[in-house]
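In: sequence-free structure coming up:
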Ligand SMILES: Nc1ncnc2c1ncn2[C@@H]1O[C@H](COP(=O)(O)OP(=O)(O)OP(=O)(O)O)[C@@H](O)[C@H]1O
């Protein structure tokens, strides 16, 4: 369980800054859902936190550790795991191979058995190549793979993307359990239902900055704000 504190984070690609001073807090064991229109920089924030996009300036503190400027492998060993957009399984590898390759040096309660308890559908597919799984099964596999690194902070980039509503509901139930196990969660989502199910707080990004950050209950009680910021009904 570790809190995340981001201050004045600036990052981007080549000469164009995308993040223009992000300030963001996720409490220890808390869950924040980050919303925002297309192209405002949500995925860039996730990639920057994971060390995949270089930091120009600012601070990323996970517990007592400063992670801004660290390499991705250092960030992963510090306890950050990523569920990337688009799932990114290794198509020819079986479910079993994915899970065994994912084991990390970080000790914790997320063993292969614990992951299969949480995601029983994977247990029925252990010898199947990832390419033969449904989209929902692939998403569960990627979540399971991330949990096996025993993260204290789990980053997820639009896990609902391309999934049927019933499967999105399952993803929500899984992420609520993950939270209850004490993992801090930062979820980027376009699907408001999933964002509200998982996040206890909602943040909204516009043009590379966080412009609104409130408890989920408050966000839901202010549909005009949601409409103004996102162009949709909250
Ligand atoms: N690899 C890249 N190289 C250059 N520019 C990029 C790259 N990835 C994203 N961008 C640009 O950075 C800006 C922010 O994109 P980003 O994907 O972070 O937004 P987003 O809020 O996640 O959008 P979406 O909801 O569509 O995924 C956009 O203008 C995008 O074109």
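Out: Good, I have the coordinates. The structure presented is a predicted model; accordingly, all values stated were derived computationally and were not measured.
In: Mind giving me the packing neighbours of the host helix or strand of residue 225?
Out: In the assignment (DSSP states H and E), residue 225 maps to helix 223-230. Packing partners of helix 223-230 (3 or more CB pairs under 8 Å, 6 or more residues apart in numbering; DSSP states H and E): strand 201-206, strand 209-215. (C-beta placed from N, C-alpha, C; glycine too.)
In: pretty sure residue 190 is in contact with residue 35, am I right?
Out: Yes: between residue 190 and residue 35 there is a contact under CB atoms under 8 Å: 7.4 Å.
In: Comparing those two, which residue is more hemmed in?
Out: residue 35 (25 against 16; other CB atoms under 10 Å).
In: Name the residues of this structure found near the ligand, please.
Out: Residues of the chain found near the ligand (CB under 6 Å from any ligand atom) are 13, 18, 36, 38-44.
In: biggest separation within those residues, which pair?
Out: The span of the residues of the chain next to the ligand, defined through CB to CB, is set by 13 and 36 at 17.7 Å.
In: on that earlier part again, redo the helices and strands packed on helix 223-230 as JSON lines? Include mean pLDDT and distance to residue 172.
Out: Converted to JSON lines, the helices and strands packed on helix 223-230 look like this (pLDDT from 0 to 100; distance: least, CB to CB, whole Å):
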{"stretch": "strand 201-206", "mean pLDDT": "97", "distance to residue 172": "15"}
{"stretch": "strand 209-215", "mean pLDDT": "96", "distance to residue 172": "18"}
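In: for those strands, which one ends up most surrounded?
Out: strand 201-206 (a mean of 22; mean count of other CB atoms under 10 Å).
In: tilt between it and helix 223-230?
Out: Going by axes from the mean of the first three to the mean of the last three CA atoms, to 10 degrees, strand 201-206 is angled at 40 degrees with respect to helix 223-230.
In: I'd like to know which elements strand 201-206 is packed against.
Out: strand 16-26, strand 31-35, strand 209-215, helix 216-220, helix 223-230.
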